[in-house]
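Novice: no sequence on this one, just coordinates:
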């Protein structure tokens, strides 16, 4: 059995991610408290719904923060992969809560359409401005990491959607103040809910694929098999498994049948060539190969349980 891998860690970058998450948590705790009080005093469902979403932000940011810390813990004999999937699990939980919050908001908005109520618009306007500024700052903190880390993307999406919700609430506050269009409060809440589902679904789908060990969408198994078979003296590649462990690691294991009974030193050289090939061409950085010669098993099954 041969195993090789390419990997790297950036602890200072990870510490920076943790600090940015912590700042965002503190900001969102303050926003949530202010919006709950303001929503009750003004009677605004949109403001209360924004507060509920902000509360889900706090929970999601805490989950992301803990996952970020856990992912840095070393592997052990009882946890041979360590906590490398903690951030993927956090992304899944956050995406799921985003959709649940959206459904709750939409149900409440539908009820308010039937019975629109007068809203204290001045308080709505000022508190929505606070939400825009605070969430906007948090979005800027997390934006860079969101493009390369699923956990950070889930936290970023929570904050981005909440900033947009605050913008919608601000616009609604002005419409209620100057035109007394109170049903717009329910309409905005409904639109916020729809947008949350739209944003959360894709992340939920992607994190589910990783947790289920699906082959990454950028990789074609047959193409990898064909390219490895061009390396002499490889005869056949079968029983292939390719999965994504986390944001940074894609693993591949396979059985390789050789044309001749090669030496172990020769196998090591071929393994290095295979490793370099799949890493540079397909981004696979952990390769686990079982060498075979004249073994009685099916060579035609490329993928099997």
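Specialist: Received it, and whenever you're ready, just let me know what you need. Quick caveat, the model's predicted, so the values are computed rather than measured. Numbers count the residues shown, from 1 in each chain.
Novice: so what's residue 87 up against?
Specialist: Applying CB atoms under 8 Å, 6 or more residues apart in numbering, we find residue 87 in contact with 64, 67, 68, 71, 149, 150, 151, 152, 246, 247. Just so you know, the C-beta spots here come from the backbone N, C-alpha and C atoms, and that holds for glycine as well.
Novice: swap in residue 145?
Specialist: Per CB under 8 Å, 6+ apart, neighbours of residue 145: 17, 20, 152, 156.
Novice: next one: phi and psi at residue 235?
Specialist: For residue 235, the backbone dihedrals (degrees, to the nearest 10) come out as phi -100, psi -40.
Novice: residues in contact with it?
Specialist: 229, 257, 258, 259.
Novice: Most widely separated two among the contacts of residue 145?
Specialist: Spatial extent of the contacts of residue 145 (CB to CB) is set by the pair 17 and 156 at 11.1 Å.
Novice: which stretches of the protein form strands?
Specialist: Under the criterion DSSP state E, strands of the chain are mapped to 2-5, 234-244, 250-258, 286-292.
Novice: chain center to the longest one, what's the gap?
Specialist: The chain centroid and the centroid of strand 234-244 are separated by 28 Å, computed with CA atoms, centre = their mean, to the nearest Å.
Novice: And the lowest mean pLDDT element among the helices and strands of the protein?
Specialist: Every helix and strand of the chain was ranked by mean pLDDT, DSSP states H and E. The lowest is strand 2-5, at a mean of 57.
Novice: Please verify my assumption that residue 164 contacts residue 194.
Specialist: No: judged on CB atoms under 8 Å, residue 164 makes no contact with residue 194 at a distance of 11.8 Å.
Novice: So the two - more neighbours on which side?
Specialist: Shown here are residue 164 and residue 194; by other CB atoms under 10 Å, residue 164 has more neighbours (18 against 13).
Novice: For that one, give me its contacts.
Specialist: Counted by CB under 8 Å, 6+ apart, residue 164 has contacts 192, 195.
Novice: Just the buried positions in stretch 115-131, please.
Specialist: Within stretch 115-131, the residues that count as buried by 16 or more other CB atoms under 10 Å are 119, 120, 121, 123, 124, 125, 127, 128, 130, 131.
Novice: What distance do you get for the fifth one to residue 85?
Specialist: Think residue 124. Per CB to CB, to the nearest Å, residue 124 is found 41 Å from residue 85.
Novice: which stretches of the stretch 51-200 of the chain form helices?
Specialist: Secondary structure of the stretch 51-200 of the chain (DSSP state H, counting those that start in this stretch): helices at 86-114, 121-146, 150-179, 183-211.
Novice: Of those, which stretch is the most buried?
Specialist: Mean neighbour count (mean count of other CB atoms under 10 Å) peaks for helix 150-179 among the helices of the stretch 51-200 of the chain, with a mean of 23.
Novice: the inter-axis angle of it versus helix 183-211?
Specialist: Angle of helix 150-179 versus helix 183-211, following axes from the mean of the first three to the mean of the last three CA atoms, to 10 degrees, is 170 degrees.
Novice: distance between helix 150-179 and the chain's centre?
Specialist: Computed by CA atoms, centre = their mean, the chain-centroid distance of helix 150-179 equals 20 Å.
Novice: With stretch 252-269 instead?
Specialist: Counting by CA atoms, centre = their mean, stretch 252-269 comes out at 37 Å from the chain centroid.
Novice: what's the answer for stretch 199-218, then?
Specialist: 8 Å.
Novice: what does that stretch rub up against?
Specialist: Stretch 199-218 has contacts (CB under 8 Å, 6+ apart) with 85, 88-89, 91-92, 94-96, 98-99, 102, 150, 153-154, 157, 160-161, 221, 241-244, 246, 250, 282-283.
Novice: Check stretch 166-177 too.
Specialist: Applying CB under 8 Å, 6+ apart, the contact partners of stretch 166-177 are 44, 46-47, 50, 119, 121-122, 124-125, 128-129, 131-132, 135, 181-182, 184-185, 187-188, 191-192.
Novice: again, only using 6 Å
Specialist: With CB atoms under 6 Å, 6 or more residues apart in numbering as the test, stretch 166-177 has contacts from 46-47, 50, 119, 121, 124-125, 128, 131-132, 181-182, 184-185, 188.
Novice: Out of those residues, which comes closest to residue 140?
Specialist: residue 132 (12.5 Å).
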